Structure formats: C-alpha cells, structure tokens
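Enquirer: with the sequence up front, the predicted model follows.
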Amino acid sequence: MSGVKEDTQIVAFCCQYCAYAAADLAGGLRLQYPPEVKIIQIPCTGKMDILYALQAFEEGADAVMVAGCLPGDCHFLEGNYNAIRRVERVKDLLRMIGLESQRIKMFHISSSMASQFVRAVEEMLDVVEQLGPNPLRANHPENPKEMISEETR
Amino acid sequence: MAEAMASNGYVSGSNLEKVLRAGHFAVTAELGPPQSADGEVIRKKAGLLRGFCDAVNITDNQTAIVRMSSIGAGAILVREGLEPVIQMTCRDRNRLAIQSDLLGAYALGMRNVLCLTGDHQTFGNHPQAKNVFDIDSVQLIQMVKTLRDERAFQCGDPLKGSEPRFFIGAAESPFADPVEFRPYRLGKKIKAGANFIQTQLVFDIPAFEAFMEKVRSLGLHQQAYILAGVGPLKSPAMAKYMKESVPGILIPDELIQRLEEAGKPWAGKSKDELTKEEKKARSEAWKQTGIEICIELIQHILRIEGVAGVHIMAIEWEEAVAPIVKGAGLYPRPVVEPLPA
Amino acid sequence: MIIAEQKPFEEIKSLVGAAQKVLVVGCGTCVTVCFAGGSREAAILAASLRMASKLNGDPKEVSDVTVQRQCEWEYLDSIAEQVSAVDVVLSLGCGIGVQAIAEHFPKTWVVPGLNTAFLGLPAEQGVWVERCAACGDCILGLTAGVCPIARCSKSLLNGPCGGSQNGHCEVNPDIPCGWQLIYDRLKALGKLEMLYEIRPPKNWRTSRDGGPRKIVRPDLRLSEEE
C-alpha cells in the first residue's frame, strides 16, 4: 500500500464464527490483503473488551478493527450489538485521551465475505494513511519525548 | 373557623374576612412585585386595583424568579390603603424564617396570608439554588393557625406578647393529578386551619363544577370560603402554552378558537409581514376577547353553589382587573361595617 | 447502594495536576456494581491517563489497584505500600472511600475521580435511580413503601403539590411524581385513608440538619483492653 509506513499496525479483533473465517477464506482464495493487519481470534465480538482496544492503542496500534457477525446473526444472539456500543465507548475514550476516534471501527462480515474482509482492512489502512501513525508509538518521530510504555506499565 | 364564626368574632378582622363573612361574593386580585427595588411599581399597580377588589395577593418570588418580597410590597400596599394577602411559600424559608417574617408582616399591618408550597426553583432564574421545603403547605397552614389560636410557635414555645391574627388562605389546583385526591387535599388544608381557598386558574367550567360537587359532598364549602381562580388570556399562544405546559390548567379548545377568531383579520401573515400598528391592533383584539371570556367565566362561576368569590390572576396585566370586575357586575366593591362583637 | 459516576476527564486531569506518579484506586463494592469505579473502570482510567499524558508530552506513571471496600481500614492496609510510592491517589471510590483514604494515609494527597450521586438502585441495565435520602427517620411505613423525601422534588409530606400532571413531576417529565406513586400504591392496597391524615412537620435533626451523624452500638464495641 503506497503511503502507508512499513511499521503500520492494525489490530483486528475477529469473531471466530464469521470474520475470522472470512480472513481464512481470503487466504484460501488467494485474495491479497495487507500484511499490516494482526488478526486476533475471539469467540464472539461480545468478548471484545474496552480494555483490549485501549491496550492495543497504548502498545502502538495505528488502528483497531472489530469484526463480528452480520446484524441478527450473532452466534450468541447479541454479542455483536454489545460490541457496537463498546466500540462507540472506545471512540469516546479516544477523543478524551486525544487520539482520533476514526482509529477504531466496527465491521459486520460473515464467514463467506472474504473480499469484504479485505476491503475492511484496506479501509482501515486508508484511515491510518490519512491520520498518520499512532502518536503514542515508540520512536515515532512526532512523539515529543521518546518515552515508552515499558517503564510506565 | 367554625367556632370563631359561630361566636360572631372575626379571626383576623381583615377586610377580606369581613366581606366574606357578610356573604358578599368576594374579589381578590393578584399583584406581581417588580424585579427591582422600585416601590413606585407597587404604588402604580395599587392604583389600578384600588376599589376593584377586596384584597390584593402579592406573590412570593412567583415561578421562582426573584422579585421584591411579598411582605415588603405588602407594607407599601398597607400605606396605600389597600389590603394585601401575603403569599408565603415553603421553598425559600425554613420554619424559623417563615414565623419571624409573619410576625413582622403582622406588625406592619398585614392580615391575610396565603400558604403555598411554592414553584420549584428549577423554573426560575436561580436554578442552582438550594431549596428549603422544611415544611409543606399543609404544615405551614397549621403553623400559622397555631401562632394565631394557640399563641405558640411551631416548636410549642408560647409567644411572648401579642399573636399574629391572620386570615389563613390556602391554594388548591382542582385539575392537577391525582385528580380524585384534590378535594381530599383541600379537605386536609381546611382541617389544618385554612379559612379561605384560592384555586388555580379555572377555564373549564364543567370540570370545575364536578370538582365543586365533590367539595360540597364533603361539606368543605361550609368550612372555608372558596374563591375560584380566574384570569384573562392574552393571546392564543399564551393559552396554548398554558394548556400544554402548566400542570393543572385545563383550557377548552373553543376558548382558544375564540381568541384565534379575534385575531382573524390579521391571520395568514407572518410576524415580519405585520406592521407595528397591525400587531398592536391584533394584540388589543386578543386582549379584549380574553377579558370577555374571563367575564363570562365569572358569570358561570357565580352560579356554582359553594363558591364564595373569585381570585383574578391577570399576570403582569393588572390593567385588566377593572374591566373584568365591572363587566362581571362586581363593581363597586362592598364596604362592610364590622359585625357587632 | 451508593450510585456514583465518573468525573469529566478534563477535571480528573486537572485534579491530578503535575503529579508524576499516580495510583488509581478502584473500589469493589457499590461503585463496581454501578460501573463507575470498579477494577475495570480503574484500569481504563489509568490507561487513559497514561496515554493522554504521553500525548501531552508529560508522560505520567499511572498504575491501578482495586480494593474490596475503600471504606474499611483493613482493606486499605493492603495497598499501603503502593500508596506510599505515589504522588497522588486518584480514588474511584464514593466520597466515603476518598475520605477513608485521606484519613488512613495522612501523608497522602488524595483526589476524587467520581461524583457520588445518590443512594439508589439499577432500575434497568444502564439506568440508576434515587430511592433514599438517608434522612435518619424512615417514614416508608406511612407512604406505601415509596419515599416522598427522596422521590418528591419538594420532599412534601402531605400529598402532591399542584405540579403533578399525568404522573410526572413539574420539575421534569422524566421524573415520576413521587406522590402519584404513593397514591397509586395506597389505592391498590386499599389504604387511601392514610393520606387523609395530616403529617406533622418532620424532625430533620436525624438528617444532615443535625450536623454530621454517628451511631454507637455499645454491644458491639471492643473493650478497651482489646
């Protein structure tokens, strides 16, 4: 992807019943998707904790995507609806902290939607391209002091 | 009150009490004090009301907006030769302050007090204020009666000297909820010691008749004088606002239609299209109709058994009182000689 | 239980001020249940403060710990060491927790991260409502189990004011009229006549009006030797 720095990191929390399978399928279909995405399998987006997302940003992720089942199709009935509200809450927290709220987004991707998964990753890469890297990341040139989380954690 | 009346003795000797005791249909009117220290405003408004009512209610920071105090304005009225009804709410004063203010009011010549809960401060211009509500309106009535009849403070301590002999008023909102409880709440206030009652504004005569029927069945009209609240509507917008936003006010649609009818010559034009003169003429037409409606309401109310008078609330429009009183055939006001002791 | 909510982040930042080492202390009781100051909220706030301060070019060391109850000395003992190592303690307890920390650690600067709101219950998920004003002289036996002190905006004792309409309080249509609730319950239970009695002025001495309150139970006190 042109314009995106090599060390770009996108963390994707993917439901095992849908988006994770879609990512798998994309691989199987030989659909190219950007290598910057780190996929984390979760049993349901309802398991997506606000703290997971915050931690990802604190550790330097440039963007976080949460990908769950299509509305109405949650294996646990409404885990994906809970995730929508939590993503909104994370957006509030990001604004409060001083990061751009666009850095996190909720997607709904069924297990057969491999190309949509690829597009979702590309969309998040575009966001990072626009916003620039996460300013919290270590050795980021815009970071005023090169203080890193190891010592503060 | 029953015993006081039976003995021919007045509880307070106020003009309002004398007029009611003599069996006249009483007229009280409301006077809103200014949001300033200008006593001239009171004198001017007093001039508008002089001769057209038996006593003048002075509001106590009505709608929780700071105004000249009821007792301060009342003192001016006394000097002007008008009789005030001091309105006292439980919102701004605790039992200490209320009692001490009432002692002072009596010493300054005030003889009637209307005991109210008070609008919540969130409506007014100091919504950040801490409210008091140490006692409620029923307990306030009881306290004023204790001061007068038992010559004792609320705590039980005796007064050291002469007691404030107030003619005690209370309010009732016949159409607020729960509606079935309202006559009983009125009964509580009378049991607590209210001598006269002033109701919330009445526009819906059948609803008020139903309320009075219940009041009569409880015998309350024989234990206190009930004055129906009336007031002139200024415009269709005001009427609609009151109907929709003020709890306990019922305004039949036909009254609003009559007001709209009055403004018809100017209808169909937006506010900006009307000239200043046109706006003034329309406003006058509405006001004239508002006064007419008010007169008709009083004429209906005169025929309802158990109603002892009307309380005219012409909010910031005291000029309307004279034509209303005249139009309703209630002018001139009676001059009552005291009953023999 | 005690219901609280987190202060705005800007206010929390200004309360923390220039302190470098911050300990966010959560509380595992009431404020956990109302999602204001439990271990999760403490961790989120600590992470938020770390990130915000870093973005601000002034990275702070912010850690978090949660005790079972901030309002009991023995639970506070367990965090004594962590407390002594920081410049400021940001308590996510209710006002009682903040004061317990202040009292227990006299040398520690402690600031509140919550606004303690009221005594109430969760009416539904995500909604908490006030139920008790802790007046110290319970009258629920006279009012069908609905408190007019806490639930009538004017704390009236003798029935609804003229501002009750369609079951709502004049103050705000979101507030149910406390006296309508009392009326409905008394009616349903066939005890409406209780409303006709005049209730005398309340003795507010048992409330905050009598000064800070205290209860002593001699039967429960330890003897001086102990």
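Expert: Received it, and whenever you're ready, just let me know what you need.

Enquirer: got any ranges where the chain has weak pLDDT?
Expert: In the absence of a named chain, chain A is used. Residues of chain A that meet the criterion pLDDT under 70 lie in A:1-6, A:138-153.

Enquirer: think we crossed wires, I meant chain B
Expert: Along chain B, the model assigns pLDDT under 70 to residues B:1-8, B:341.

Enquirer: so where do the helices sit in the chain?
Expert: Going with chain A. Read by DSSP state H, chain A holds these helices, from start to end of the chain: A:19-28, A:50-58, A:79-97, A:114-131, A:149-152.

Enquirer: other chain: chain C
Expert: Ranges of helices within chain C are C:9-16, C:30-33, C:39-55, C:73-77, C:80-84, C:95-104, C:148-151, C:178-188, based on DSSP H.

Enquirer: wasn't residue B:13 part of a helix?
Expert: No. Residue state for residue B:13 (DSSP: H, G, I helix; E, B strand; the rest coil) corresponds to coil; a helix is not indicated.

Enquirer: what is the burial count for the residue of chain B found nearest chain A?
Expert: For chain B and chain A, the shortest gap (C-beta to the nearest C-beta) falls at residue B:128, measuring 26.3 Å. Where C-beta positions appear, they are placed from N, C-alpha and C, glycine not excepted. Applying other C-beta atoms under 10 Å in any protein chain shown, we find 6 other residues in the vicinity of residue B:128.

Enquirer: do the same with residue B:31
Expert: When neighbours are defined as other C-beta under 10 Å, residue B:31 has 26 of them.

Enquirer: re earlier: and the helices of chain C: which comes nearest residue B:85?
Expert: Minimum separation from residue B:85 across these (C-beta to C-beta) falls at helix C:178-188, 26.5 Å.

Enquirer: mind listing what's buried in that closest one?
Expert: In terms of neighbour count (16 or more other C-beta atoms under 10 Å in any protein chain shown), helix C:178-188 has its buried residues at C:178-184, C:186.

Enquirer: could you do stretch B:24-39 as well?
Expert: Of the residues in stretch B:24-39, those buried under the neighbour-count criterion (16+ other C-beta under 10 Å) are B:24-33, B:39.

Enquirer: now swap in stretch B:274-291 and tell me
Expert: Residues B:282, B:285-287, B:289-291 are the ones in stretch B:274-291 that count as buried (16+ other C-beta under 10 Å).

Enquirer: also stretch A:115-125?
Expert: Judged by neighbour count (16+ other C-beta under 10 Å), stretch A:115-125 contains these buried residues: A:116-118, A:120-121, A:124-125.

Enquirer: domains for chain C, by residue range?
Expert: The record assigns chain C these domain ranges, following automatic domain parsing: C:2-118, C:135-208.

Enquirer: so is the longest one next to chain B?
Expert: So that's domain C:2-118. No. Using C-beta under 8 Å from any C-beta of the partner chain, we find that domain C:2-118 stays clear of chain B, coming within 15.7 Å at best.

Enquirer: and the average pLDDT for that domain is what?
Expert: Taken as a whole, domain C:2-118 has a mean pLDDT of 97.

Enquirer: again with the shortest one
Expert: Here domain C:135-208 scores 96 as its mean pLDDT.

Enquirer: and that domain with chain B, contact?
Expert: Yes. Residues of domain C:135-208 are located near chain B by C-beta under 8 Å from any C-beta, namely C:153-167, C:170-172, C:177, C:179-180, C:183-184, C:195-196, C:198-202, C:204.

Enquirer: just the buried residues of those.
Expert: Burial by neighbour count, judged by 16+ other C-beta under 10 Å, picks out C:153-165, C:170-171, C:177, C:179-180, C:183-184, C:195, C:198-199, C:201-202, C:204 from these.

Enquirer: just the ones in strands from the residues you listed, please.
Expert: Restricting those to those inside strands, with DSSP state E as the criterion, leaves an empty set.

Enquirer: check contacts around the residue nearest to residue C:189 when sequence neighbours are not counted.
Expert: What sits nearest to residue C:189 in space, not counting adjacent residues and going by C-beta to C-beta, 6 or more residues apart in numbering or on different chains, is residue C:144, at 6.4 Å. Residues near residue C:144 by C-beta atoms under 8 Å, 6 or more residues apart in numbering or on different chains: C:182, C:185-186, C:189, C:191, C:194.

Enquirer: out of those residues, who's nearest chain A?
Expert: Ranking those by separation from chain A, with C-beta to the nearest C-beta as the measure, puts residue C:185 on top at 34.5 Å.

Enquirer: quick check: the nearest residue to the closest one once chain neighbours are set aside vs chain A, distance?
Expert: Leaving aside its sequence neighbours, residue C:185 sits nearest to residue C:144 (C-beta to C-beta, 6+ apart; 3.8 Å). In this structure, residue C:144 and chain A are separated by 37 Å, where distance is defined by C-beta to the nearest C-beta, to the nearest Å.

Enquirer: count the neighbours of the closest residue to residue B:36 other than its chain neighbours for me.
Expert: Ranked by C-beta to C-beta, 6+ apart and with sequence neighbours excluded, the top spatial neighbour of residue B:36 is residue B:68, at 7.2 Å. Counted by other C-beta under 10 Å, the residues lying close to residue B:68 total 22.

Enquirer: where's residue B:68, which helix or strand?
Expert: Taking DSSP states H and E as the criterion, residue B:68 maps to no regular element, lying outside all helices and strands.

Enquirer: surely it touches residue B:42?
Expert: Yes. Counting by C-beta atoms under 8 Å, residue B:68 does reach residue B:42; the two are 7.3 Å apart.

Enquirer: leaving out the residues flanking it, which one is nearest to residue 84?
Expert: No chain was given, so I picked chain A. By the measure of C-beta to C-beta, 6+ apart, the closest residue to residue A:84 outside its immediate chain neighbours is residue A:106, 5.3 Å from it.

Enquirer: actually it's chain B I care about, not the one you picked
Expert: Looking at residue B:84 with C-beta to C-beta, 6+ apart, the closest residue is residue B:74, at 3.8 Å.
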